[in-house]
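Peer 1: can't give you the sequence, but here's the structure:
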């Protein structure tokens, strides 16, 4: 079996405006590296625009919240709308937002059915800051949370885990999972840093495992956090599917934070999660892109991450 890459040309249509770090060039940088011969073995599929996508988004977000975002869309030729100072809804954002969710649903379908070994979703807008009823941090809908709930409702999985190594804490995923004992969330992230959540004492119903890192921490501390807090709790949870919130802004070259990870740290973390998946959930891993704002570091880190997935 192969690794599935899910993406779509429309993701560049989400226009965040001049100077915004979450920009269309992120997709172009990844496209360029994924065109290398090394990745010829990938199974490639377009992120779908499903007729039922709004119904599925409602697994994680209230209907009135979905309608609020939908009603806020500017028309073609109109100025973009700022939902907060950082979160921009442009005339071209709605289709990418729906297809980003759809990518996760397709990946879950293909991985759980055994059609592919694992999957990487190259999508934007990212999602892990989107809370139950609040858009923030460049995010409208929480792609990983929707995918996790879909895996349970569509495929009957009981326990789904999300592991988030973006440099910013996935407050939205934590918020959505907070009181649901059959959903697991673990995060490494820089703290203090936006959005200000992610302390070790934030534990939900015993299903939340935060392992914050300090400004200047590098791969050694990152790996220690994984080995001491995340991997043991993940194994104990025994998920039937592992979803990765794969942000690459903890890289030492990234302009938005101050951790010092390098590509090999992302390779190592990918390999560790794949090992857990092999042991407890038939190797089922779905990875979804979150942050990463230095284009060279982003492309190289995604390349290492996907190449590791391909070794399944």
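Peer 2: Looks like it arrived, so ask away. In this text the structure is predicted, and so the values were computed from the model without any measurement.

Peer 1: Can you verify residue 6 is assigned to a helix?
Peer 2: No - when classified by DSSP: H, G, I helix; E, B strand; the rest coil, residue 6 is found to be strand rather than part of a helix.

Peer 1: what sits against the residue nearest to it when sequence neighbours are not counted?
Peer 2: With C-beta to C-beta, 6 or more residues apart in numbering as the criterion, residue 6 has its nearest non-adjacent residue at 4.2 Å, and that residue is residue 103. In short, each C-beta sits where N, CA and C put it, glycine included. Listed by C-beta atoms under 8 Å, 6 or more residues apart in numbering, the contact partners of residue 103 are 6, 7, 8, 47, 48, 121, 122, 123, 143, 288.

Peer 1: From residue 232, how far off is residue 103?
Peer 2: Distance of residue 103 to residue 232, given as C-beta to C-beta, to the nearest Å: 30 Å.

Peer 1: Same question for residue 292.
Peer 2: Residue 292 sits 27 Å away from residue 232, going by C-beta to C-beta.

Peer 1: Among those two, which residue is more densely surrounded?
Peer 2: A count of neighbours by other C-beta atoms under 10 Å puts residue 292 above the other of residue 292 and residue 232, at 29 against 13.

Peer 1: For the closest residue in space to that one that isn't next to it in sequence, which three-state class applies?
Peer 2: Leaving out its chain neighbours, the residue that sits closest to residue 292 by C-beta to C-beta, 6+ apart is residue 248, at 3.3 Å. Of the three states, residue 248 takes coil under three-state DSSP.

Peer 1: quick one: residue 248 and residue 5, what's the gap?
Peer 2: The value you get for residue 248 to residue 5, if C-beta to C-beta is used, is 16 Å.

Peer 1: And for residue 95?
Peer 2: Distance, residue 95 to residue 5, by C-beta to C-beta: 19 Å.

Peer 1: hmm, back to that, pLDDT at the residue nearest to residue 292, what is it?
Peer 2: Looking at residue 248, its pLDDT reads 98.

Peer 1: List the contacts of it.
Peer 2: Going by C-beta under 8 Å, 6+ apart, residue 248 touches 166, 254, 266, 291, 292, 297, 298, 301, 302, 305.

Peer 1: how about 6 Å then?
Peer 2: Counting by C-beta atoms under 6 Å, 6 or more residues apart in numbering, residue 248 touches 292, 298, 301.

Peer 1: For the strand ranked longest in the chain, enumerate the helices and strands it packs against.
Peer 2: Identified as the longest strand of the chain according to DSSP state E is strand 183-190. Helices and strands touching strand 183-190, by 3 or more C-beta pairs under 6 Å, 6 or more residues apart in numbering; DSSP states H and E, are strand 160-164, helix 171-177, strand 208-213.

Peer 1: go again using 8 Å as the cut-off
Peer 2: The contact analysis (3 or more C-beta pairs under 8 Å, 6 or more residues apart in numbering; DSSP states H and E) places strand 183-190 against strand 160-164, helix 171-177, strand 208-213, helix 231-237.

Peer 1: separation between the residue lying closest to residue 140 once chain neighbours are set aside and residue 11?
Peer 2: In space, and not counting its chain neighbours, residue 140 is closest to residue 97: 5.0 Å by C-beta to C-beta, 6+ apart. Counting by C-beta to C-beta, the separation of residue 97 from residue 11 is 10 Å.
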